[in-house]
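Engineer: Quick one: sequence plus predicted model below, questions after.
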Amino acid sequence: QKEVEQNSGPLSVPEGAIASLNCTYSDRGSQSFFWYRQYSGKSPELIMSIYSNGDKEDGRFTAQLNKASQYVSLLIRDSQPSDSATYLCAVIIGGADGLTFGKGTHLIIQP
Amino acid sequence: GAVVSQHPSRVICKSGTSVKIECRSLDFQATTMFWYRQFPKQSLMLMATSNEGSKATYEQGVEKDKFLINHASLTLSTLTVTSAHPEDSSFYICSASTGGTDTQYFGPGTRLTVL
């Protein structure tokens, strides 16, 4: 079964620290990977996409992809209380168009 | 850029009635639009994919006769929930992508409550 797995949390991180979020996927044919942030009652907003092995940085966010190990991660540096949300890992499974989402990790940044 | 709107944001209807939800890409042409559903405390599940001018492709387990999707233009897709029942109560979210990229931008969602 083609799945995207995330630890549901909650993951509690002190303000100013680095938050590390992880995601694994089962389909080796997957080529496109995304991290979305979703606040309670709202729709997901795109944080970043990653397609190649390695790191991709955008401001305080760094996405890491390792296709051999089939995992993708998101690091949030200098965590702020406003970063408290559910972070969704999404993958385009090989041959599909739509996104397959993980269940999300609930992140809490403690002031 | 890449703004997607949805209307209405919230709708309450009686069981057995039909509800139409609109999804618009405001500042780009969306070659493909997607419809997702999210039940409380669960993640988003893809319902269907639609390309402008073509019939929608539905995911396994989604009834095409119950969830009617129309994608008549490059900026508008509609989802009609026909003969809605309480179990159809959910958060319906559309997304859109432009040609040449698979990044999806989400609308704000429509919360449907069927009494």
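Structural biologist: Done, it's in.

Engineer: Get me the contact residues on chain A for chain B.
Structural biologist: Remark: the part of chain A in contact with chain B comprises A:32, A:34, A:36, A:42-46, A:49, A:88, A:92, A:97-104, using CB under 8 Å from any CB of the partner chain. Every residue, glycine included, has its C-beta placed from N, CA and C.

Engineer: how about the strands in chain B?
Structural biologist: Along chain B, the segments classed as strands by DSSP state E run B:4-7, B:10-13, B:19-25, B:32-38, B:45-51, B:57-58, B:67-73, B:76-81, B:90-97, B:105-106, B:110-114.

Engineer: Please work out which residues outside the second one touch it.
Structural biologist: Outside of strand B:10-13, the residues within contact range by CB atoms under 8 Å, 6 or more residues apart in numbering or on different chains are B:V19, B:I21, B:A84, B:T110, B:R111, B:L112, B:T113, B:V114, B:L115.

Engineer: distance of the last one from chain A?
Structural biologist: Using CB to the nearest CB, to the nearest Å, B:L115 is found at 20 Å from chain A.

Engineer: rewinding a little: which among the contacts of strand B:10-13 count as buried?
Structural biologist: For those, a burial check counting by 16 or more other CB atoms under 10 Å in any protein chain shown picks out B:V19, B:I21, B:A84, B:T110, B:R111, B:L112, B:V114.

Engineer: Look up the pLDDT of the last one for me, please.
Structural biologist: When you say that, I think you mean B:V114. Per-residue confidence at B:V114 stands at 97 (pLDDT).

Engineer: How about it: what's its closest non-neighbour residue?
Structural biologist: Computed as CB to CB, 6 or more residues apart in numbering or on different chains, the closest residue to B:V114 that is not its neighbour in sequence is B:A84, at 4.5 Å.

Engineer: correct me, but that neighbour touches B:S18?
Structural biologist: Yes: the criterion here is CB atoms under 8 Å, and B:A84 meets it with B:S18 at 6.7 Å.

Engineer: Could you give me the buried positions within stretch B:39-46?
Structural biologist: With burial defined by 16+ other CB under 10 Å, the residues of stretch B:39-46 counted as buried are B:S43, B:L44, B:M45, B:L46.

Engineer: Over to stretch B:62-69?
Structural biologist: Taking 16+ other CB under 10 Å as the basis for neighbour counts, the residues of stretch B:62-69 that come out buried are B:V62, B:F67, B:L68, B:I69.
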